[in-house]
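J.: Here you go, sequence then predicted model.
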Amino acid sequence: MNIVISQEQGRVPVTVFHLEGEIGADNYEQIQTQAQQAFAGGMRNLLLDLSEVTFISSAGFRALHYIFTLLRTDAPDENAEAMHKGLRDGTFKSPHLKLFNPQANALKALKTAGFDMFLEIYYHRQKAIDSFS
């Protein structure tokens with residue numbers, strides 16, 4: 001697993017993790033650690049570039065869930081109930097974590113695991129960056 005981190009400026013600053021290879025038990029903690037370090041450094045909006053990810057295992061989904069949870073820690077408590085309802089009925093999409101250009105196998109896994117219900121998926125990089133507010 002290789003992670004290349006870059007910064008983009010849309011309406012707000014966006015950190016991009018360009019991931020290469022498989023996301024699985026051997027490397028999911030590396031992704032979590034990079035996200036934690038970026039968060040500690042001020043990152044609040046993350047675009048995961050999955051264009052070179054060939055496979056996502058259940059451990060990879062654990063890393064995605066970890067990042068999702070990390071980035072929602074700034075959510076006001078009064079919105080927690082509405083967010084949880086939205087997660088249950090599929091109307092909530094994370095405003096802070098989005099996915100870019102997953103390959104067919106990764107996309108199939110994301111949909112099978114239901115991650116597409118709460119993470120927006122984009123296929124045009126600038127539109128993805130501009131979607132953060």
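T.: Received, thanks.

J.: With adjacent residues omitted, what lies nearest to Leu71?
T.: Spatial nearest neighbour of Leu71, chain neighbours left out: His96 (3.9 Å); criterion: CB to CB, 6 or more residues apart in numbering. Any C-beta I mention is one placed from the backbone N, CA and C, and that applies to glycine too.

J.: Tally up the residues packed near the one you found, please.
T.: 20 (other CB atoms under 10 Å).

J.: Now do the same contact list for it.
T.: 44-46, 71-72, 132 (CB atoms under 8 Å, 6 or more residues apart in numbering).

J.: List the strands paired with whichever strand or helix holds Val53, with their directions.
T.: Following DSSP states H and E, one finds Val53 within strand 46-56. Using DSSP bridges, strand 46-56 pairs in its sheet with strand 13-23 (parallel), strand 97-100 (parallel).

J.: Let me know the next secondary structure element after the last one.
T.: In this case it means strand 97-100. Heading C-terminal from strand 97-100 (DSSP H and E), you reach helix 104-113.

J.: So, low pLDDT: which residues of the protein?
T.: By pLDDT under 70, the weakly predicted segments of the chain are 73-91.

J.: Just the buried residues of the strand holding Val53, please?
T.: 46-50, 53, 56 (16 or more other CB atoms under 10 Å).

J.: Could you do stretch 119-127 as well?
T.: Across stretch 119-127, burial judged by 16+ other CB under 10 Å covers 119-122.

J.: Those in strands, which ones?
T.: Using DSSP state E, the subset of these located in strands is 120-122.

J.: related to what we said a few turns ago, and the strands paired with strand 46-56, which is most packed in?
T.: strand 97-100 (a mean of 22; mean count of other CB atoms under 10 Å).

J.: In contact with the spatially most central residue of the chain, which residues?
T.: Central residue of the chain (CA atoms, centre = their mean): Leu97, 4.1 Å from the mean position. The neighbourhood of Leu97, defined by CB under 8 Å, 6+ apart, consists of 45-46, 48, 64, 67-68, 71, 119.
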